[in-house]
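Here's a sequence, model it:
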Amino acid sequence: MVASHDPASDPAAAPHAAASSASGAGDALRRGVFPGSFNPPTRAHVAISEAARDQHCLDELVWSVSRVALAKEDVQRPSLEDRVDVLNEVGSRLDWLEIVVTDVQLLSDIAAGFDVIVMGADKWHQIHDPVFYGNDPASRDASIASLPEVAIAARPPQDCPAHLLLDLPDWVGQASSTLARTTDPGMMVPEAARFDAETGAWTDPARYEQWRANQQRH
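Numbers count the residues shown, from 1 in each chain. Okay, the predicted model is just below:
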């Protein structure tokens, strides 16, 4: 299921307050968000999501895809439409997973209204770079302070606060979408692997472009 997420429409003005409310209400759902490009979605993405769900007692988890991802503005293939179609297939298999496409980029904006935000250690380090906040350390600090509970997947050699780390198998920290595209397509989730086999979406750009041209002609 694809939805659009507008943080301004969320009922909670402060993520920390939303998390406290959700934790204290007996019938309130605990919801987490995992921002990313998922290009392609991998078995590691699923393992991280399952760990966050179990270890943070989440009822639902959202994979949030920005139309233009921060620091990944040059992603051209596969198209956003095709990537989201694949993600929807994954969401259809996992009844606790929702797919959302958003226009916002900053994690603090994406996380508004959620109880937990999930990210890799590389993203944790990236959000501490003032360049993404107009080189304003005060804006950076305010943005990070506004985040809800943080759940981090280790990515050696990056260091992160130990109390924020998810308990994950070692192989997860070695997996990446880049490796899935270039050297180990076996890392892809089955839905992505099937689409790649049909179209070359991640492993054969020329074949994918031909497939896209054929689709447009029909």
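
what's near enough to touch Asp59?
29-31, 96 (Cβ atoms under 8 Å, 6 or more residues apart in numbering). The C-beta positions use only the backbone N, C-alpha and C, and glycine is treated the same way.

which is the next helix or strand following the lowest-mean-pLDDT helix or strand in the chain?
Least confident helix or strand of the chain, by mean pLDDT, DSSP states H and E, is helix 15-24 with a mean of 39. Going down the chain from helix 15-24, the next helix or strand is strand 31-35, by DSSP states H and E.

Using CSV, list the CA coordinates for that following strand.
The C-alpha trace of strand 31-35 is given here as CSV (Å, rounded to 0.1, in the frame of the first residue of the first chain):
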residue,chain,number,x,y,z
ARG,A,31,4.6,2.9,14.8
GLY,A,32,8.1,3.2,13.5
VAL,A,33,9.5,4.6,10.3
PHE,A,34,12.5,3.4,8.3
PRO,A,35,13.5,6.1,5.7
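
what about it, distance to the chain center?
7 Å (Cα atoms, centre = their mean, to the nearest Å).

what's the angle from the following helix or strand past that strand to strand 31-35?
Sequence order places helix 43-55 as the next helix or strand after strand 31-35, per DSSP H and E. Angle of helix 43-55 versus strand 31-35, following axes from the mean of the first three to the mean of the last three Cα atoms, to 10 degrees, is 160 degrees.

Show residues contacting helix 43-55.
Against helix 43-55 from outside (Cβ under 8 Å, 6+ apart): 32, 34, 36, 38, 58, 61, 63, 90, 94, 96-97, 116, 118, 120, 151, 153, 166-169, 171-172, 175-176, 187-189.

buried ones in it?
43-53 (16 or more other Cβ atoms under 10 Å).

For the helix or strand following that helix, the averaged confidence score.
As assigned by DSSP H and E, the chain's next helix or strand after helix 43-55 is strand 60-66. Regarding strand 60-66, the rounded mean pLDDT is 96.

Strand 60-66 packs against which elements?
strand 31-35, helix 43-55, helix 80-93, strand 97-102 (3 or more Cβ pairs under 8 Å, 6 or more residues apart in numbering; DSSP states H and E).

I'd like to know how many residues surround Asp167.
8 (other Cβ atoms under 10 Å).

And the pLDDT for it?
Asp167 is given a pLDDT of 98.

Just confirm it is within a helix.
No - counting by DSSP: H, G, I helix; E, B strand; the rest coil, Asp167 falls outside a helix, being coil.

For it, what are phi and psi?
phi -90, psi 110 (degrees, to the nearest 10).

Tell me how far it lies from Ala47.
From Asp167 across to Ala47, the span is 11 Å (Cβ to Cβ, to the nearest Å).

ok, how many other residues are close to the closest residue to Val68 other than its chain neighbours?
Counting by Cβ to Cβ, 6 or more residues apart in numbering, Gln105 is the residue found nearest to Val68 once chain neighbours are left out, at 6.9 Å. Neighbour count of Gln105, defined by other Cβ under 10 Å: 17.

again, but for Phe38
Phe38, neighbours per other Cβ under 10 Å, totals 22.

try the one 4 residues further on
If you count neighbours by other Cβ under 10 Å, Thr42 ends up with 25.

do Arg140 as well
19.

Name the SS class of it, please.
helix.

who's in contact with it?
By Cβ under 8 Å, 6+ apart, the neighbours of Arg140 are 127-130, 132-133.

Show the buried residues in those.
Buried among the contacts of Arg140 (16+ other Cβ under 10 Å): 127, 132-133.
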